[in-house]
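[1] how does the following fold in three dimensions:
(chains A and B)
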Amino acid sequence: MRQVYLDYAATTPVKEEVLKEMIPFFSENFGNPSSLYTKGSASKEAIMIARRKVSSLIGADENELFFTSSGTEADDWAIIGIADALKSKGNHIITTGIEHHAVLHSCEYLAKNGYEITFLPVDKEGRVRAEDLENAITDKTILVSIMYVNNEVGTIQDIKELCRITKSKNVVFHTDAVQALGNVKINVKELGVDLMSISGHKIYGPKGIGALYIKRGTKISDFMHGGAQENKKRAGTENLTGIVGFGKAAELAELNSENHITKVTELRNYFIDQVFEKIDDVFLNGSREFRHPGNANITFEFIEGEAMLLYLDLLGISVSTGSACSSASLTPSHVLTCLGVPVEKIHGSLRFTIGDPTTKEDIDYVIEKLVEVVAKLRAISSVSKAKGW
Amino acid sequence: MGMYNDKVMDHFMNPHNIGELENPDGIGTYGSPVCGDMMQISIRVQDEIITDAKFKTFGCGSAIASSSVATDMIIGKTIDQALAITNKQIIDELGGLPAVKIHCSVLADHAIKAAIYDFAQKNGKIYAGLEGFDPNEDDEENDTCDTEE
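    All right, here's what the predicted structure looks like:
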């Protein structure tokens, strides 16, 4: 049976060239980068090269990039580290309702510890309005954290404009760019951000490696306390193979950037057009214009997402859903809720994300099966267009 | 598939008794699309015996599987026997459901009761098993969704 993976926003396979680059650093060049002898300095050198490659992908200087264990750790560090470092200045943090849980839950943790958090609303496409940010900033505001590209609906924010506002008010700006990396052109200097979180496994690198960009001069508390790794800010023996893999993946992403964006955009648009042509009562969640090139988040009315997901899985197709029924907490997607999508229509949402290995044949197969699955579930459903919700 | 056992998957992939009976003797709906699950069961009754049952369900895999197995369970049973079916028995018949999906089985036993309630109303009958049951108690004005029972 054909296998079609359409969940590249969840994670990506490690590219062969990336894996090849990593292999020697498991058993052969295994030295601790902190060791002074040759085997150690070889590892240190490998990390330096990788840091250069990852920095280059986001337009940062090498000494402004700090490796972490994940995008989540980078988000946690940025938010908790700034809150701690600037607590004498204020206790107010601004974020949005559509952030990844790594940001939302870090903010909720701070809220329990005396910080005030403002969650900005978004418009129906998922965009933050600049005036909402401007109006939310007070003299107690120390940090604004707004994600670059949303993981569920793919909405791209105008980070440059939002940064301009925080800069004029002397407030630190962090962006979670985990979904943006490799999918939009990023230059931290042009954007003007103070902190940016990124992750390796979304760009065909390994899992377990992320990074936080910290603009030179930004006051932030250290995150892991121990040795002198990562300029003493994030202690712990480096994830050597992960860092090397992230470096190679970043190098390939930079080389392949335009091809990748053009290709996935075309396939994604083809997919959306086909869905709209072949299936009735569907709508696109998010923005058509400001959108992650590979993302299609679509609601199929009158049926439920987990049921669709399971049927598609049995046909070899991997996707995800915003339905409450698929989450352990039984709560519908907080992102689609913020966009104002009615709850019953959130249950019927599926997220498809297209990646480098996706082909037109894959898309045609998915469309064919999707038509069948939707028809089958609509025949079972107790709600329909005729009956209404 | 890791989440559901083979029996649940079988009922989900090939559900029994899909549809809606024509001129049913009783028809009832339980749940709401807002909560992610809404089940409709229609029944045919002859001499106090449920001779046929069909379902239509908006919901996840376990809701569809619960509907399928619940309609199987009531066909051939007397009204009193059908009313005695508990969500625990539906879960057992399915060989178990994940903890977060238990409410789907509750939905199924309530949908059975809702169909019988309709039959009882139409025919002026009173059943001990329906005592205290009101199919409209969790109507849509109620904005909280049952997630456990």
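
[2] list the contacts of the residue nearest to the spatial centre of chain B.
    By CA atoms, centre = their mean, chain B has its centre lying nearest to residue B:108, at 2.6 Å. By CB atoms under 8 Å, 6 or more residues apart in numbering or on different chains, residue B:108 lies in contact with B:39, B:63, B:66, B:67, B:69, B:70, B:87, B:90. For every residue, glycine as well, the C-beta is placed using N, CA and C.

[3] wasn't it part of a helix?
    Yes: counting by DSSP: H, G, I helix; E, B strand; the rest coil, residue B:108 is found in a helix.

[4] let me know the pLDDT of it.
    What the model reports for residue B:108 is a pLDDT of 94.

[5] what residues does the stretch 251-389 of chain A have near chain B?
    Residues of the stretch 251-389 of chain A that fall close to chain B, judged by CB under 8 Å from any CB of the partner chain: A:302-307, A:310-311, A:313-314, A:323-326, A:328, A:330, A:332, A:343-344, A:347, A:379-383, A:389.

[6] give me the buried subset of these.
    A:302-307, A:310-311, A:323-326, A:330, A:332, A:343-344, A:347, A:380-383, A:389 (16 or more other CB atoms under 10 Å in any protein chain shown).

[7] could you measure from the nearest residue to residue B:88 once chain neighbours are set aside over to residue A:306?
    Leaving aside its sequence neighbours, residue B:88 sits nearest to residue B:105 (CB to CB, 6 or more residues apart in numbering or on different chains; 7.8 Å). Relative to residue A:306, residue B:105 is positioned 16 Å away (CB to CB, to the nearest Å).

[8] do residue A:371 as well
    Taken as CB to CB, the span from residue A:371 to residue A:306 is 19 Å.

[9] chain center to stretch B:34-47, what's the gap?
    Here stretch B:34-47 is found 6 Å from its chain centre; the criterion is CA atoms, centre = their mean, to the nearest Å.

[10] got the CA coordinates for it in CSV?
    What follows is stretch B:34-47, C-alpha atoms only, in CSV (Å, rounded to 0.1, in the frame of the first residue of the first chain):
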residue,chain,number,x,y,z
VAL,B,34,-20.3,21.0,19.7
CYS,B,35,-19.1,18.2,22.1
GLY,B,36,-17.8,16.2,19.1
ASP,B,37,-20.3,13.3,19.4
MET,B,38,-23.9,13.1,18.4
MET,B,39,-25.7,9.7,18.0
GLN,B,40,-29.1,9.0,16.6
ILE,B,41,-30.7,5.6,17.0
SER,B,42,-34.0,4.5,15.4
ILE,B,43,-35.8,1.3,16.5
ARG,B,44,-38.6,-1.0,15.2
VAL,B,45,-40.6,-2.6,18.1
GLN,B,46,-42.9,-5.6,17.9
ASP,B,47,-44.6,-7.1,21.0
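
[11] pull out the buried positions in that stretch.
    By 16+ other CB under 10 Å, the buried positions in stretch B:34-47 come out as B:34, B:35, B:36, B:37, B:38, B:39, B:40, B:41, B:42, B:43, B:44, B:45.

[12] ok, which of those residues also contact chain A?
    B:34, B:35, B:36, B:37, B:38, B:39, B:40.

[13] residue A:230 and residue A:66 touch, don't they?
    Yes: taking CB atoms under 8 Å as the definition, residue A:230 is a contact partner of residue A:66 at 4.7 Å.

[14] before we move on, the earlier item: quick one: the residue nearest to residue B:88 from residue B:14, how far?
    Separation of residue B:105 from residue B:14 (CB to CB) stands at 19 Å.

[15] the two: which is more packed in?
    residue B:105 (27 against 9; other CB atoms under 10 Å in any protein chain shown).

[16] that one against residue B:91, yeah?
    Yes: assessed by CB under 8 Å, residue B:105 is found in contact with residue B:91 at 4.9 Å.

[17] which neighbours do these two have in common?
    In contact with both residue B:105 and residue B:91: residue B:97, using CB under 8 Å, 6+ apart.

[18] check contacts around the residue nearest to residue A:274 when sequence neighbours are not counted.
    In space, and not counting its chain neighbours, residue A:274 is closest to residue A:367: 4.7 Å by CB to CB, 6+ apart. Shown in contact with residue A:367 (CB under 8 Å, 6+ apart): A:271, A:274, A:275, A:278.

[19] just confirm residue A:367 is within a helix.
    Yes: counting by three-state DSSP, residue A:367 is located in a helix.

[20] now it: how far from residue A:130?
    38 Å.

[21] and if you look at residue A:241?
    Distance, residue A:241 to residue A:130, using CB to CB: 42 Å.

[22] the two: which has the busier surroundings?
    residue A:241 (21 against 14).

[23] now do the phi/psi pair for that one.
    Phi and psi for residue A:241, reported as degrees, to the nearest 10, are phi -60, psi -40.

[24] mind listing which of the residues of the stretch 251-389 of chain A next to chain B are in helices?
    Among those, DSSP state H puts A:305, A:306, A:307, A:310, A:311, A:313, A:314, A:343, A:344, A:379, A:380 in helices.

[25] wait, the last one touches residue B:54, no?
    No: counting by CB under 8 Å, residue A:380 sits too far from residue B:54 to count as a contact (10.8 Å).

[26] any common contacting residues for the two?
    residue B:18.

[27] all helices of the chain, in order?
    Going with chain A. All helices of chain A, identified by DSSP H, fall at A:16-22, A:24-27, A:38-58, A:71-85, A:101-111, A:130-136, A:159-168, A:188-191, A:240-278, A:305-314, A:334-338, A:343-346, A:360-380.

[28] my question was about chain B, not that one.
    So, for chain B - with DSSP H - the helices run B:6-13, B:61-74, B:79-83, B:87-93, B:102-123.

[29] which strands and helices sit next to the shortest one?
    Contact partners of helix B:79-83 among helices and strands, from 3 or more CB pairs under 8 Å, 6 or more residues apart in numbering or on different chains; DSSP states H and E: strand B:49-58, helix B:102-123.

[30] identify the residues contacting it?
    B:45, B:48-50, B:73-74, B:112-113, B:116, B:119, B:127-130.

[31] which of those residues has the most neighbours?
    residue B:112 (30 neighbours).

[32] for that one, what are its contacts?
    Contacts of residue B:112 (CB under 8 Å, 6+ apart): B:28, B:41, B:70, B:74, B:82, B:83, B:85.

[33] run a quick neighbour tally on the fifth one.
    Using other CB under 10 Å, the number of residues around residue B:82 comes to 25.

[34] list the buried ones in stretch A:142-160?
    A:142-159.

[35] again but with stretch A:332-347, I slipped
    Buried residues in stretch A:332-347, counting neighbours by 16+ other CB under 10 Å, are found at A:332-339, A:341, A:343-347.

[36] again, but for stretch B:78-98
    The neighbour-count check on stretch B:78-98 (16+ other CB under 10 Å) flags B:79, B:82, B:83, B:85, B:87, B:90, B:91, B:93, B:94, B:97 as buried.

[37] which two in those are spaced the farthest apart?
    The span of these, defined through CB to CB, is set by B:79 and B:97 at 25.8 Å.

[38] coming back round to it: any idea how far the residue nearest to residue B:88 is from chain A?
    According to CB to the nearest CB, to the nearest Å, residue B:105 and chain A sit 14 Å apart.
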